[in-house]
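Asks: how would this look folded up:
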Amino acid sequence: MNSNKKKLIASILLLVVLTALSGCVSFGAKSINETAQQKISETNINKDKAIIDEFKQMTQRNDFTTEELIKFINEKISAVSSDSASMMILILEKNQQLDLTKLEEKYGNDKIQEKIAKNFRGDFSEGYINNVQDKAIKDLLLETKNKGFKIETAEGFYFPVIDYSFYRKYQSNVTSDIAAYIDIMSVESDKAAVKDAGLMISWDEVVKRATNQERFIKEYSNSAKKEDVKTLLKRYLIFALYGTNNTPLFSYENKLMIPAAKKSYLETITSNGNEGSFSRIMSDYLTLVKKNDYKLTQDVDEYRKKAIEGF
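Replies: So this is what the prediction gives:
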């Protein structure tokens with residue numbers, strides 16, 4: 001074997017050895033990376049569990065407050081999984097619902113109503129509240145704001161409602177269904193559909209909100225908030241079929257459908273067989289109303305009554 005062949009064989013053997021070593025290094029790096037990822041995952045799981053355990057301990061105390069709950073969530077929510085974050089948010093909402101009854105009692109006092117009327121001008125910023133001279137009203141307004149509520153008024157009466165726009169900052173942390181639920185409820189708290197027995201939104205908006213709620217029920221059939229959204233949707237079905245006392249769907253004088261509602265329904269209500277119960281009911285309703293020349297007849301009235309009963 002001449003020297004050139006020896007050199008060639010040696011080069012080939014060296015290449016094979018280097019390739020093998022390269023594979024080992026690659027395999028070793030891959031193993032190290034997988035191990036690191038596994039450790040990170042285990043660390044995150046343990047951290048999540050520790051935070052949730054702390055959260056549960058806090059909420060099991062008899063003296064914990066909504067303000068304390070909000071502070072904890074603000075500090076910890078980014079460090080837990082979306083499922084855990086959603087659980088925390090739903091507990092916050094439940095706690096607010098319990099607080100609402102207590103706050104409503106405070107607002108129900110006649111003297112408090114008189115003082116709020118004198119001191120509250122719609123500005124709910126802390127700067128404005130801190131400048132309120134009446135201490136009792138200042139404290140009540142601060143409590144309302146710090147617990148995640150806002151003030152609404154109807155027929156001259158002031159009352160607290162959950163401010164769901166307050167929840168928007170958590171949407172990136174929670175599961176997709178809870179993020180969608182926050183969207184739906186924020187729309188409600190940002191602009192009430194009804195005040196003083198009158199419709200405060202357009203007929204287009206009634207249908208738009210209802211179809212968004214319907215879509216939620218279809219897309220998130222296993223969501224913990226499905227039944228709550230369904231209850232809200234039934235309320236909107238009543239608006240769509242009846243209107244309200246001060247904004248009826250049919251004129252009290254001639255029983256004809258209000259022109260604005262007629263125009264809106266003809267443009268927005270369609271059916272392709274894939275929608276939920278709201279869309280199907282409204283499509284059939286519109287067909288029946290057309291047959292009755294857009295007039296509130298006995299057939300039309302019986303249809304809407306049965307629709308509500310069966311929803």
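
Asks: rest of the way, CA atoms for contacts and neighbours
Replies: OK.

Asks: Going along the chain, name the helices of the stretch 1-150 of the chain.
Replies: 3-59, 66-76, 82-107, 110-119, 126-130, 135-146 (DSSP state H, counting those that start in this stretch).

Asks: Tell me which residues of the shortest one come out buried.
Replies: Read it as helix 126-130. Within helix 126-130, the residues scored as buried using 16 or more other CA atoms under 10 Å are residue 129.

Asks: which one of the helices of the stretch 1-150 of the chain has the lowest average pLDDT?
Replies: Lowest mean pLDDT within the helices of the stretch 1-150 of the chain: helix 3-59, a mean of 60.

Asks: I'd like the next helix or strand past the host helix or strand of residue 290.
Replies: Assessed by DSSP states H and E, residue 290 sits inside helix 277-291. For helix 277-291, the following helix or strand on the C-terminal side (DSSP H and E) is helix 298-310.

Asks: Using CSV, write out every CA atom in that next one.
Replies: Provided in CSV are the C-alpha atoms of helix 298-310 (Å, rounded to 0.1, in the frame of the first residue of the first chain):
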residue,chain,number,x,y,z
GLN,A,298,-102.0,37.3,17.6
ASP,A,299,-99.9,34.8,15.7
VAL,A,300,-96.8,37.0,16.0
ASP,A,301,-97.4,37.5,19.7
GLU,A,302,-98.0,33.8,20.4
TYR,A,303,-94.8,32.9,18.5
ARG,A,304,-92.6,35.2,20.6
LYS,A,305,-94.2,34.0,23.9
LYS,A,306,-93.5,30.4,23.0
ALA,A,307,-89.9,31.3,21.8
ILE,A,308,-89.1,32.8,25.2
GLU,A,309,-90.7,30.0,27.1
GLY,A,310,-88.8,27.4,25.2
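
Asks: Just name whatever secondary elements it is in contact with.
Replies: helix 226-242, helix 277-291 (3 or more CA pairs under 8 Å, 6 or more residues apart in numbering; DSSP states H and E).

Asks: Tabulate these (a markdown table), appending distance to residue 45.
Replies: Shown next, in a markdown table, are the helices and strands packed on helix 298-310 (distance: least, CA to CA, whole Å):
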| stretch | distance to residue 45 |
| --- | --- |
| helix 226-242 | 28 |
| helix 277-291 | 41 |
